[in-house]
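J.: Quick check, what structure comes out for this input:
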Amino acid sequence: MTNRDQTPPHTMADNYDYSQHFVDEKTRLGLTDEQADEQRQKWGWNALEEVKISKLWLFIVQFTGTMPYMLWIAAFISACTQDWADMAILLTMLLCNGVLGYREEVSRPCVVYVVVSEASNTTKRSTTLHSNTVDNPH
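T.: Sure thing, here's the model as predicted:
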């Protein structure tokens, strides 16, 4: 096979499906419904398990990371030097960062769940793929 046969021709229309250029005919056709059912019985559904994270853990995690660690260290140094005003400011910054981060984390899974559920509702289709062969001009 020459290099010319391996690369898509540049003279083809802009709507050429490059993803199918290197795929053999068997792969391009996909699985039949029977084959898909057999694979599903053998391996199960192709789905991720839902992970539950406690809200307390989400709040605690907000006080970890590079920036919060630097604030913790600065607050500790302020306490060692008995600079109580700076320590109070640093701890207030940590608390505000933790509360805001927690609010963002709590609101995010709802958005992800909505997007995933909408995608699963709109993409219900047969597992049998129809052959959309692209004529190779060579």
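
J.: okay, CA-based contacts and neighbour counts for the rest of this
T.: Noted.

J.: So Phe59, which state does it fall into?
T.: Per DSSP: H, G, I helix; E, B strand; the rest coil, the secondary structure class of Phe59 is helix.

J.: Chain neighbours aside, what residue packs nearest to it?
T.: In space, and not counting its chain neighbours, Phe59 is closest to Tyr102: 5.4 Å by CA to CA, 6 or more residues apart in numbering.

J.: Can you check the pLDDT for the one you found?
T.: With respect to pLDDT, Tyr102 scores 92.

J.: do the same with the one 10 residues further on
T.: The model reports Val112 with a pLDDT of 51.

J.: re the thing from before, around the residue nearest to Phe59, how many other residues sit close by?
T.: Counted with other CA atoms under 10 Å, residues neighbouring Tyr102 total 21.

J.: Low-confidence stretches in the chain?
T.: Per-residue confidence for the chain (pLDDT under 70) gives these ranges: 1-28, 109-138.

J.: Now do the helices in it.
T.: 3-6, 25-29, 33-43, 55-61, 66-80, 84-122 (DSSP state H).

J.: what's the closest of these to Glu49?
T.: helix 84-122 (12.8 Å; CA to CA).

J.: residues in contact with the residue nearest to Phe59?
T.: Tyr102 makes contact with 58-59, 62, according to CA atoms under 8 Å, 6 or more residues apart in numbering.

J.: Quick check: the gap between it and Trp72.
T.: For Tyr102, the distance to Trp72 (CA to CA, to the nearest Å) stands at 18 Å.

J.: next one: Arg40
T.: 50 Å.
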